[in-house]
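1. Give me a 3D structure for the following:
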Amino acid sequence: MMRRLASLPGGRVGKWVVLALWAALLIPVLMLAGQLGDVEENDNSAWLPGNAESTKVVERAENFQRADTVPAIVIYDRPGGVTPADMAEAQADAEAFKGMENVVGRPQGPVKAEDGKAIQTVVQIRKDKTGWEGIGKTVDAITEVGKENAGGLGFHVTGPGGHASDSIKAFSGGGALTTITALVVVVMLLLTYRSPLLPLLPLLTVGVALVTSEAVIYLLAKNAGLVVNKQTSFILTVLVFGAATDYALLLISRYREELLRHEDRHEAMAEALYRSSPAIIASAATVAVSLMLLMLATLSSTQGLGPACAVGILVGLLAMVTLMPALLVICGRWIFWPVKPSYGATDAAEDGIWTRVGTSVSRRPRIVWIGTTLVLGVMAIGMLGLRADGLSNKDQFTGTPQMAVGEKIQSEHFPAGSGDPVVVVARAASAERVRTALSGVPGVVGVGAPVVKDGEAIMLGELTGDPSSKASIRTVEKARTAVHAVEGADAQVGGSTAIMLDTQEAAARDSKVIIPIVLVVVLLILALLLRAIIAPLLLMATVVLSFAAALGVSSLVFNHVFGFAGAEASFPLLTFVFLVALGIDYNIFLVTRVREVAVLHGTRRGALLGLSTTGGVITSAGLVLAGTFAAMASLPLVFAAELGFAVAFGVLLDTMIVRSVLVTSLTLDVGRWMWWPSKLFRQHDTPEPPAGNPDREPALTVV
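-> Predicted coordinates:
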């Protein structure tokens, strides 16, 4: 059955059927994929679970104010002092803002600063169905009006509206990200195969997989309530490019081997797909299941990211085991030009660098794995310096956008929290007591009079610090403690600062819950795949150690090289899931080949031959995946740069050191105990490998 299925995509008739099916699918797919941006939810409050306090405040406050508005804080400044003409200009601008599309009500201000050097106006912007994009267009219109007749008066838009506008501009680099990612893939494939034609096929297949994934995700977001955002989109792009290209590399490598043994390319592809698909399917399944576990998150953005990326992995897998074989067979051997694999030629895989690495490791495997473990452990110590407790708005960008400049000027001339207040909702009968409690919280000033309606009261409190700073988040925690203590008030604290606090708490909870579950599930998958207990435990230990080392080095780089202020609260969880799932990928590619050879020739021979035959392709796959994630640095966002660096470094560490040195030395030292308690455990190593090709036994079957 497995052989019959493997022969279909690359068969004489099947290849044309597969190509026709994918071509027919592309027409609706392209139409749907282009609409993905229409269902994105980029507002932070939309990512929170329904039981978060700030979410409940949004719902209760709908009786008093529009829930779909954000404040944009307009700042004018003149170092020598603003003039009456400047105030008149600010007043005229406020009138102009009032008539703009998506501006709600009358702007608050203009208000002159006490030092007379700045002016502030607060504009409420409605979020339409386009979310951040609509806010960005309104902020652009406000900026155009404000700068038109500035006459030397500084003009900036900050606050939540300014942050949304600058964020959407940062994410607009997604097109460049796709281009850079594609170039990385092409360059790595050129270096791997030294063929100017071959890279076109994986690139075409990955492109088809990406747009198909986007179409499926659009349908899920529109009809099944899946939450997606710009972050989901750019992570999906690099993940599909990286992982799907890895699968292509494995398939092409095995296909090239089989072309040396089969004169008929259709037979070669059937054998290559039969032998490589178990490892490819197992790897994709492991990544997809790990990502699906993110659905256990309470943070909606993380919850939606999991299934969206799992869709990308599964569609990429489907494309690589159907469309890719069909294209390779249709093109024939000439696609490998100028170094075409000829029938009957000798494969020199066993004479390469990885054979020499295996030989070196085999001399003293125990010393090698102990020494490697100690080095990785020292690298992991850097984790202690990781500050993953969220970033303020201005610290979320690698550059200095308009919002950050405006925020700095605002803090110099006005209370930093003006224009973006704490929102408190309580029962009307307890409104004054709640107001008194809120006024007594250090860091909260100028609590407004309660507005009462339908038995509920709402009041606004101004923060003395930057609303997105850690100090303001601590102030909100104190404010919640104070108002919750008012008996019978049912008081709750919301606003943008409270949303940041709830986001951080949800992300911290998600990490504590999901990380252990991912470890257990991946361990079970490995146990089923390898039909053993010892090997899965050792492989999981190596991947976790690799993750810790990568996170430790990344923390040091973030703090002392890049100079970042910290990391988002969701960073450790996402880095863990990507590195563990993708790291297990390479171990699966290696160990399935080791087991394949060990069935006939013993574990020692399997370890050495498995490394020599898979070393090149796994290294190439690791370089591709690392390169695609490193391309995320093209986005001017700290989160993208940090996640891209951590995953890229972790993948390289896993590919070059953990898989080739640590896993190989452990396998050599542990020997047949790797396969305990399977039948293979009871098979002793063959002292000398028998003559003939050691790779002709049946492929490993996925349980």
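2. Can you give me the neighbour number for residue 544?
-> Per other Cβ atoms under 10 Å, the neighbour tally for residue 544 reads 17. (C-beta placed from N, C-alpha, C; glycine too.)
3. Tell me the first helix or strand C-terminal of the strand or helix carrying it.
-> Here residue 544, judged by DSSP states H and E, is contained in helix 534-557. With elements assigned by DSSP H and E, the helix or strand that comes after helix 534-557 is helix 571-601.
4. Who are the packing partners of that next one?
-> With contacts taken as 3 or more Cβ pairs under 8 Å, 6 or more residues apart in numbering; DSSP states H and E, helix 571-601 sits against helix 230-261, helix 265-292, helix 300-331, helix 496-530, helix 534-557, helix 603-630, helix 638-653, helix 664-670.
5. could those helices go into TSV alongside distance to residue 112 and mean pLDDT?
-> Conversion of those to TSV gives the following (distance: least, Cβ to Cβ, whole Å; pLDDT from 0 to 100):
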stretch	distance to residue 112	mean pLDDT
helix 230-261	37	86
helix 265-292	53	87
helix 300-331	39	91
helix 496-530	25	88
helix 534-557	45	92
helix 603-630	48	83
helix 638-653	34	92
helix 664-670	70	88
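6. Quick one, which of these gets closest to residue 64.
-> Proximity to residue 64, assessed across the helices and strands packed on helix 571-601 by Cβ to Cβ, is greatest for helix 496-530 (16.3 Å).
7. what inclination does that closest one have with respect to helix 534-557?
-> 150 degrees (axes from the mean of the first three to the mean of the last three Cα atoms, to 10 degrees).
8. on contacts alone, who are the packing partners of helix 496-530?
-> So helix 496-530, by 3+ Cβ pairs under 8 Å, 6+ apart, packs with helix 53-60, helix 265-292, strand 422-427, helix 470-484, helix 534-557, helix 571-601.
9. Which one of the ones you listed lies nearest to residue 116?
-> Nearest to residue 116, of all the helices and strands packed on helix 496-530, is helix 470-484, at 26.4 Å by Cβ to Cβ.
10. hmm, back to that, in TSV: the helices and strands packed on helix 496-530, plus distance to residue 622.
-> TSV is the format used below for the helices and strands packed on helix 496-530 (distance: least, Cβ to Cβ, whole Å):
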stretch	distance to residue 622
helix 53-60	41
helix 265-292	13
strand 422-427	48
helix 470-484	37
helix 534-557	12
helix 571-601	7
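11. Residue 25: what's its closest spatial neighbour, skipping adjacent residues?
-> residue 212 (7.0 Å; Cβ to Cβ, 6 or more residues apart in numbering).
12. for the one you found, helix, strand, or coil?
-> Of the three states, residue 212 takes helix under DSSP: H, G, I helix; E, B strand; the rest coil.
13. Tell me the helix or strand right after the helix or strand that contains residue 366.
-> For residue 366, the element it lies in under DSSP H and E is helix 365-380. Following helix 365-380 in sequence order, the next helix or strand is helix 402-413 (DSSP H and E).
14. Mind jotting down where the helices sit in the stretch 51-200 of the chain?
-> 53-60, 84-98, 132-148, 159-171, 174-193, 200-223 (DSSP state H, counting those that start in this stretch).
15. Pick out the residue nearest the middle of the chain.
-> Central residue of the chain (Cα atoms, centre = their mean): residue 235, 4.3 Å from the mean position.
16. Name all residues that make contact with it.
-> By Cβ atoms under 8 Å, 6 or more residues apart in numbering, the contact set of residue 235 is 305, 309, 643.
17. And the spatially closest residue to residue 119 that is not a sequence neighbour, how close does it get to residue 335?
-> Once flanking residues are discounted, residue 119 sits nearest to residue 76: 4.0 Å by Cβ to Cβ, 6+ apart. From residue 76 across to residue 335, the span is 62 Å (Cβ to Cβ, to the nearest Å).
18. Neighbour count for the two, which is higher?
-> residue 76 (28 against 18).
19. Just list the residues touching the more buried one, thanks.
-> With Cβ under 8 Å, 6+ apart, residue 76 has these contacts: 82, 86, 89-90, 110, 118-120, 146, 150, 153-155.
20. If we use 10 Å, what do you get?
-> By Cβ atoms under 10 Å, 6 or more residues apart in numbering, residue 76 lies in contact with 82, 86-87, 89-90, 93, 109-110, 112-113, 117-121, 146, 150, 153-156, 406, 409, 413.
21. Check residue 390 too.
-> Residue 390 neighbours (Cβ under 10 Å, 6+ apart): 396, 468-470, 473, 500-501, 503-504, 507-508, 565-571.
22. Need the pLDDT of it.
-> Note on residue 390: pLDDT of 79.
23. From residue 167, how far off is it?
-> 15 Å.
24. Could you do residue 587 as well?
-> Taken as Cβ to Cβ, the span from residue 587 to residue 167 is 37 Å.
25. Comparing those two, which shows the higher neighbour count?
-> Ranked by neighbour count (other Cβ under 10 Å), residue 587 and residue 167 place residue 587 first, with 27 against 21.
26. Is it correct that that one is in contact with residue 535?
-> Yes - contact between residue 587 and residue 535 holds when scored by Cβ atoms under 10 Å: they sit 9.2 Å apart.
27. ok, residue 184 - how many residues close by?
-> 23.
28. For it, give me its contacts.
-> Here residue 184 is in contact with 238, 241-242, 245, 623-631 (Cβ under 10 Å, 6+ apart).
29. Among those, name the buried ones.
-> 238, 241-242, 245, 623-631 (16 or more other Cβ atoms under 10 Å).
30. Just send the residues you listed back as CSV, with distance to residue 672 too.
-> Listed next are the buried ones among the contacts of residue 184 as CSV, based on distance: Cβ to Cβ, whole Å:
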residue, distance to residue 672
238, 39
241, 39
242, 35
245, 35
623, 33
624, 34
625, 32
626, 33
627, 37
628, 38
629, 37
630, 39
631, 42
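31. so what's the closest residue to residue 550 other than its chain neighbours up against?
-> In space, and not counting its chain neighbours, residue 550 is closest to residue 650: 3.3 Å by Cβ to Cβ, 6+ apart. Contact analysis of residue 650 by Cβ under 10 Å, 6+ apart lists 543, 546-551, 553-554, 575-576, 578-580, 582-583, 625-626, 629, 658.
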